[in-house]
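Peer 1: starting from these lines, generate the structure:
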Amino acid sequence: MKASTGSDHPHMVLQDLTSGHVNPSVMDIKIGSRTWGLKASEAYFAKCLKKDRESTSIPLGFRISGLQVYVDDESGFYKPDRNYIRKTGPNDVRLLLRSFGLALKGAWSNAEVKLIDFAHVTDGNGVIDHNFLGGLCSLIKFISDILAETKDYGSNDQVEL
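Peer 2: Here you go, the predicted model:
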């Protein structure tokens, strides 16, 4: 790309994932039970391990880092406090995921899933990343279970936020 000076300059162009959507609901999920890189410092390793132990990262293989859900024109967005998000257990995660889907009026089919933020990706030299894959499979199972429950109870089973 051309820089403002007119010279060629390498740029990374990011996509605005919410463009084209009116009042989008967004959820940030960190996948993996181990959330530090192999070359992490001792201090960073300790910080990440503490977060992983105090969240659902280790028991579920993923954790919700943040979310905002559009409720309606009158209420606007529901955005839980970060401290609440950090303290969520497996049952809370189920409720948040379920609420996230139902706040889109039960229309999970309209949901888009995007894998983003590859800042710490390293070459696995042909070795499968079981940490990421296990967390992704766990997330898929959680959502599949929620979809099955929603079918069993009907789409009018609203969850209070």
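Peer 1: give me the most central residue, the chain.
Peer 2: Taking Cα atoms, centre = their mean, the centroid of the chain lies closest to residue 29, which sits 1.9 Å from it.
Peer 1: now for the host helix or strand of that residue, which elements pack on it?
Peer 2: In this structure, residue 29 sits in strand 26-31 according to DSSP states H and E. Judged by 3 or more Cβ pairs under 8 Å, 6 or more residues apart in numbering; DSSP states H and E, the packing partners of strand 26-31 are strand 62-72, helix 90-103, helix 130-153. For the C-beta atoms, the positions are set from N, CA and C on the backbone; glycine is no exception.
Peer 1: related to what we said a few turns ago, hey, what's the residue nearest to the centre of the chain bridged with?
Peer 2: residue 64 (DSSP bridges).
Peer 1: so it touches residue 66, yeah?
Peer 2: No: contact criterion Cβ atoms under 8 Å: residue 29 and residue 66 do not qualify, at 9.1 Å.
Peer 1: put the alpha carbons of stretch 22-39 into PDB.
Peer 2: The C-alpha coordinates for stretch 22-39 follow below in PDB (Å, rounded to 0.1, in the frame of the first residue of the first chain):
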ATOM      1  CA  VAL A  22     -27.000  -3.100  12.700                       C
ATOM      2  CA  ASN A  23     -26.600  -3.500  16.400                       C
ATOM      3  CA  PRO A  24     -24.400  -6.600  16.200                       C
ATOM      4  CA  SER A  25     -23.900  -8.900  19.200                       C
ATOM      5  CA  VAL A  26     -20.300  -9.900  19.700                       C
ATOM      6  CA  MET A  27     -18.600 -12.400  21.900                       C
ATOM      7  CA  ASP A  28     -14.800 -12.900  22.400                       C
ATOM      8  CA  ILE A  29     -13.800 -16.400  23.300                       C
ATOM      9  CA  LYS A  30     -10.200 -17.500  24.100                       C
ATOM     10  CA  ILE A  31      -9.700 -21.100  22.900                       C
ATOM     11  CA  GLY A  32      -7.400 -23.500  24.700                       C
ATOM     12  CA  SER A  33      -6.800 -24.700  28.200                       C
ATOM     13  CA  ARG A  34      -3.200 -23.400  27.900                       C
ATOM     14  CA  THR A  35      -3.200 -19.700  26.900                       C
ATOM     15  CA  TRP A  36       0.600 -18.900  26.800                       C
ATOM     16  CA  GLY A  37       3.100 -19.400  24.100                       C
ATOM     17  CA  LEU A  38       6.000 -21.800  24.300                       C
ATOM     18  CA  LYS A  39       8.500 -19.000  24.500                       C
END
